[in-house]
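Asker: heads up, no residue letters with this:
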C-alpha cells in the first residue's frame with residue numbers, strides 16, 4: 001500500500017479525541033461474518049460533538065448510526081476496514097459511466113432529515129425486499145427514526161426523482177470538514193436496473209467535488225463479505241489501517 005496519510009490532521013485529531021469518553025458494548029453476533037462475535041466502541045452519546053470533532057472522528061475510522069458515533073473494536077479481528085474515495089482523482093469505470101448516463105433523468109432534491117411518509121414507505125419496501133436476511137428486517141418506523149432521522153445537524157436526505165416525480169432513491173449523507181460521509185442509501189426495488197445505489201455514490205462524489213471536499217467516506221469494507229465488494233469499485237480509494245490512510249497498490 002502507498003502512504004497518503006495526512007499527518008498534521010491525524011495528530012490534531014488524536015489530541016481532540018483523547019478528551020472524549022468511549023464505551024464498549026457487550027459482545028454480540030457479528031452482522032457480516034458468520035460464527036463471529038463483534039464488539040463496538042461508542043463515543044459518549046452525552047458528549048457535545050461539533051462538526052470539527054465529528055470530522056476528526058471520521059478521519060480515524062468512526063461512523064455514525066443515528067445519534068451514535070461508533071467504531072468496531074473486536075480484539076483480534078480487524079476485518080472491518082474504513083474506506084474513502086479520493087474525490088478529485090476519481091475516474092469512473094465503463095460500467096459506472098453507463099450507470100451515470102442511465103440516470104441522467106433523475107433530479108436531486110436536498111431535504112432536511114424529517115419523517116416523511118413517502119420516504120419511509122420506500123425505505124420499508126427496500127428493507128423488506130432486499131434485506132430480509134439482515135438484522136434490520138422487518139423495517140419499522142421506530143427503527144427508521146432512530147437510524148436515519150435522529151442524529152446530526154450535518155445530515156441531508158437527497159431525494160432522486162424521475163421526470164414523473166416518482167421517488168426512485170434516497171441517499172443520506174453528512175457534510176464533514178474534509179468530505180461527505182455516506183450514511184445510507186435506499187431505493188425502489190423495482191428500479192434495480194438503474195443501479196440506484198451506484199448512481200448515488202457517483203452523485204455524492206460529484207457533489208463533494210463541487211464543494212471542493214477531498215473525500216467521500218463509504219464506511220467499512222470487509223474482504224470476506226460480498227455485499228461490501230462494491231466499495232472498492234470507486235477508485236482511487238484509501239483504507240484506514242488503524243493509524244493512517246493508505247492507498248492499496
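Answerer: Looks like it arrived, so ask away. Quick caveat, the model's predicted, so the values are computed rather than measured.
Asker: Looks like residue 84 contacts residue 235 (just checking).
Answerer: No - in this structure, residue 84 is not within contact of residue 235 by C-beta atoms under 8 Å, at 11.7 Å. Where C-beta positions appear, they are placed from N, C-alpha and C, glycine not excepted.
Asker: Those two: which is more packed in?
Answerer: residue 84 (25 against 15; other C-beta atoms under 10 Å).
Asker: Okay, now the unreliable bits of the chain?
Answerer: Applying pLDDT under 70 to the chain flags residues 1-15.
Asker: again, only this time at 90
Answerer: Counting by pLDDT under 90, the ranges of the chain that qualify are 1-19, 31-36, 75-76, 131-137, 224-227, 248-249.
Asker: Need phi/psi at residue 58.
Answerer: Per-residue torsions, residue 58: phi -60, psi -30 (degrees, to the nearest 10).
Asker: do the same with residue 123
Answerer: Dihedral angles (degrees, to the nearest 10) for residue 123: phi -60, psi -40.
Asker: Against the centre of the chain, work out the most remote residue.
Answerer: Within the chain, residue 164 marks the point farthest from the mean C-alpha position, 28.5 Å out by C-alpha atoms, centre = their mean.
Asker: Residue ranges of each domain in this structure, please.
Answerer: The chain breaks down into these domains under automatic domain parsing: 2-82+220-247, 87-210.
Asker: Could you single out the most deeply buried of those domains?
Answerer: Mean neighbours per residue, mean count of other C-beta atoms under 10 Å, is largest over these for domain 87-210, with a mean of 17.
Asker: How far does that one stretch from one end to the other?
Answerer: 10 Å (C-alpha to C-alpha, to the nearest Å).
Asker: From the chain's centroid, how far away is that domain?
Answerer: 10 Å (C-alpha atoms, centre = their mean, to the nearest Å).
Asker: Are we agreed that the residue farthest from the centre of the chain is in a helix?
Answerer: No - under the criterion used here (DSSP: H, G, I helix; E, B strand; the rest coil), residue 164 is coil, not part of a helix.
Asker: can you tell me how far it sits from residue 199?
Answerer: Between residue 164 and residue 199 the distance is 17 Å, computed by C-beta to C-beta, to the nearest Å.
Asker: Repeat that for residue 81.
Answerer: Plainly put, residue 81 is 24 Å away from residue 199 if you go by C-beta to C-beta.
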